[in-house]
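*Asks:* Sequence first, predicted coordinates after that:
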Amino acid sequence: MGRVITLRQALGEAMSEEMRRDPDVFLMGEEVAQYNGAYKVSKGMLDEFGPERVIDTPIAELGFAGIGVGAAMNGLRPIVEFMTWNFAILAFDQIVNNAAKTLSQSAGQFNCPIVFRGPSGSAGQLAQQHSQTFESWMANTPGLKVISITDPKDAKGLLKSAIRDDDPICFMESEQLYGLKGEVPEEEYLTPIGKAAIRREGTDVTLVSFNKMMEVTKAAAEELAKDGISAEVIDLRTIRPLDHETIVNSVKKTNRLVVIDECWPFAGVSAEIAYEIQKYAFDYLDAPVTRVNSADTSLPYAAPFVDEYLPTPTKVIQAVKAVMYR
Amino acid sequence: MAVATKKKTTTKRVTKKKGFTKETYLQWYEIMLRVRRFEERALMAYSQQKIRGFCHVYIGQEAITAGMVSALTPEDKVVTAYRQHGIALSRGLTSRACMAELYGKATGCVEGKGGSMHFFSKELNYFGGNGIVGAQIPIGTGIGFAEKYRGTKNIAVTMFGDGAARQGALYESFNMAMAWNLPVLYICENNGYAMGTSVQRTSNVTEIHQVGDAFNMPNEAVDGMSPESVHEALQRAADHIRAGKGPYFLEIKTYRYRGHSVSDPAKYRTKEELESYKQLDPLVVTEEKIINDKIATQDEIDAIKAKIKEEIEDAAEFAENSPLPDPSELYTHNYVQEDYPFIRD
């Protein structure tokens, strides 16, 4: 039997369940404890687990990310919350140079079972520094796994899997989706890392997306259906490792692919998917792989810039019609 | 960097004879000699192009390893920077495993995957040499966090150079370590130069230990050419930390005789300065003290010399004769997940 809860509740349940299960799991970050989370994801956790395991940090991303890495190397399983991945840039040295490389440098002696989580992507008129999308950045680095979620049920199951995983994980959420509601099972479950989900079956074109662009993609698919175009919609869920198989199998059926990706276009997730498809489904393509990304610019403040910058259902529909030659 | 003098005002040199045992002195002498001879052999192998990449040797700083072996417990955790061969040896990594690692051999302490900058031993609680200046400071703080979380009495010894003391990571770490009362012993090995830039040129605060004052962290400067001074300072700091009183910061003033790395001719300092420190050479001074104070006999010293000579020769021979790693090992140890689907095209 399921319940309808918000994404933020689903994520909070995942952390709380794993902290009840394993005393080595703890949460640290800015405002996670007394404030109950900048976006209320950790609401109630301080009360249940106490200040030893739900830890407010000073504003020192490099420092507390590194403390998490050291604690993970020394046997704990930290969850490090970034208020946004934009601030995690300050911690990239610890994520990229240490979390991702400790296992290799030590020839397997020290692993780093840590989850770095927080919202990625734009969230309204927040201007240049608060509007960046990090899946491509992090997925470029071997040693890391990258998960990017939208659906509350999958978010909970994937966060639980991430906390139990023995490798370092970058877990991407969205400020604008924390209130999104969905059905979540009562009973415990895990969602596997590395598997995409087909959200809508279709025959004419494959649409691949992740995180809050799934909402844009699903809206576009609805509109396309009214126009007689049957779109298959794939939610990547995990960015690294990428589930190429699900995409390739879909393209073999639809013969057309549009990737909707809030990351910048250069060397991004969409570019990687386009490479894979030309390599493994070349003979099945009836049109060039097309992508709808954020603009190849910084995102300025004023409202018209936001619409111009981001993928929208209209832009997705245009791209689909282009590959359908309609 | 000033010319060294026997009497320094800023450091505590042990003047009165403390009751260090013969065993302690011989233990100190042995580890210092092991590090010195290991590094000399490594430099020779480097000149023969048997060791490649970056190579930062520890020669001159050996008195710190002496204090490390006598003042810490095997359960204490240690993390340091890339000038780390001596620290690794002081934690009990073998000369064979370390030399083979420098040679990039499969028998190295990390199977040829780390090289000179990255030795590790989980078994010996050695959390590695870190190649990014100062990055190990938050990591050591996190290692201490885990010890406190589990309620142990172990200390996280977090070592870094004078260059790293200027990184922002230090300030963030000191702040959280004090705020959370973590069992971390911070050790700045101040050898006078951040690569080629002297301490005086990197900050107006040249007494690096005073940075601890900003966080109310107990701190002191230590004569890093004296095993006695290093041991006593480490012991004081360890007692403080094990008593649950939180972090401690030691600035150990030392000197490296060689350049920053093997490719550095060290033209930024004078011969006079170098020679003045060699007068304080911890190996020479300790050997003289052992003989002059009749702590042990010349025969006992000679026996240690012979043992180390044989050990280092054996290590080099072992490294020389060991196999290189198989190229397929490129794909191991990137993920714990055994069937991780790497992109291979």
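*Replies:* Looks like it came in fine. Numbering: from 1, shown residues only, chains lettered A, B, ... in the order given.
*Asks:* Going by C-alpha atoms from here, please, whenever you check contacts or count neighbours.
*Replies:* OK.
*Asks:* And stretch B:182-201, end to end?
*Replies:* Taking Cα to Cα, to the nearest Å, the first and last residues of stretch B:182-201 lie 32 Å apart.
*Asks:* Quick check: B:G142 touching A:A71?
*Replies:* Yes - with contacts counted by Cα atoms under 8 Å, B:G142 reaches A:A71, the gap being 4.5 Å.
*Asks:* The two - which one has more neighbours?
*Replies:* Remark: of B:G142 and A:A71, B:G142 carries more neighbours, 32 against 28, as counted by other Cα atoms under 10 Å in any protein chain shown.
*Asks:* Next, the contact list for the more buried one, please.
*Replies:* In this structure, B:G142 makes contact with A:G66, A:I67, A:G68, A:V69, A:G70, A:A71, A:A72, judged by Cα atoms under 8 Å, 6 or more residues apart in numbering or on different chains.
*Asks:* What separation is there between the nearest residue to it once chain neighbours are set aside and B:E273?
*Replies:* Spatial nearest neighbour of B:G142, excluding adjacent residues (Cα to Cα, 6 or more residues apart in numbering or on different chains): A:I67 at 3.6 Å. Between A:I67 and B:E273 the computed distance is 38 Å (Cα to Cα).
*Asks:* again with B:D302
*Replies:* To B:E273, B:D302 is 30 Å away according to Cα to Cα.
*Asks:* more neighbours, those two?
*Replies:* A side-by-side neighbour count of B:D302 and B:E273, using other Cα under 10 Å, places B:E273 first with 15 against 11.
*Asks:* What does the pLDDT read for that one?
*Replies:* B:E273 is assigned a predicted lDDT (pLDDT) of 91.
*Asks:* just to confirm, which helix or strand has it in it?
*Replies:* Element membership for B:E273, per DSSP states H and E: helix B:271-278.
*Asks:* cool, A:P51 as well?
*Replies:* Using DSSP H and E, A:P51 sits in no helix or strand.
*Asks:* Tally up the residues packed near it, please.
*Replies:* The number of residues packed near A:P51 is 16, by other Cα under 10 Å.
*Asks:* cool, B:G131 as well?
*Replies:* That count, for B:G131 with other Cα under 10 Å as the rule, works out to 17.
*Asks:* Quick check: closest non-adjacent residue to it.
*Replies:* Leaving aside its sequence neighbours, B:G131 sits nearest to B:Y82 (Cα to Cα, 6+ apart; 5.2 Å).
*Asks:* Might one say that that neighbour is in contact with B:H118?
*Replies:* Yes - taking Cα under 8 Å as the definition, B:Y82 is a contact partner of B:H118 at 6.9 Å.
*Asks:* who touches both of these two?
*Replies:* Applying Cα under 8 Å, 6+ apart, one finds that B:Y82 and B:H118 are jointly contacted by B:G129, B:N130, B:G131.
*Asks:* Let me know the pLDDT of the first one.
*Replies:* Pointing back at B:G129 there. You'll see B:G129 listed with a pLDDT of 96.
*Asks:* cool, B:R13 as well?
*Replies:* At B:R13, the pLDDT recorded in the model is 49.
*Asks:* now swap in B:K278 and tell me
*Replies:* B:K278 is assigned a predicted lDDT (pLDDT) of 89.
*Asks:* Please report the distance of it from A:S298.
*Replies:* Counting by Cα to Cα, the separation of B:K278 from A:S298 is 56 Å.
*Asks:* And the two? Which one has more around it.
*Replies:* Taking B:K278 and A:S298 together and counting by other Cα under 10 Å, B:K278 has the greater number of neighbours (19 against 15).
*Asks:* quick one: that one from A:F134, how far?
*Replies:* For B:K278 relative to A:F134 (Cα to Cα), the value is 52 Å.
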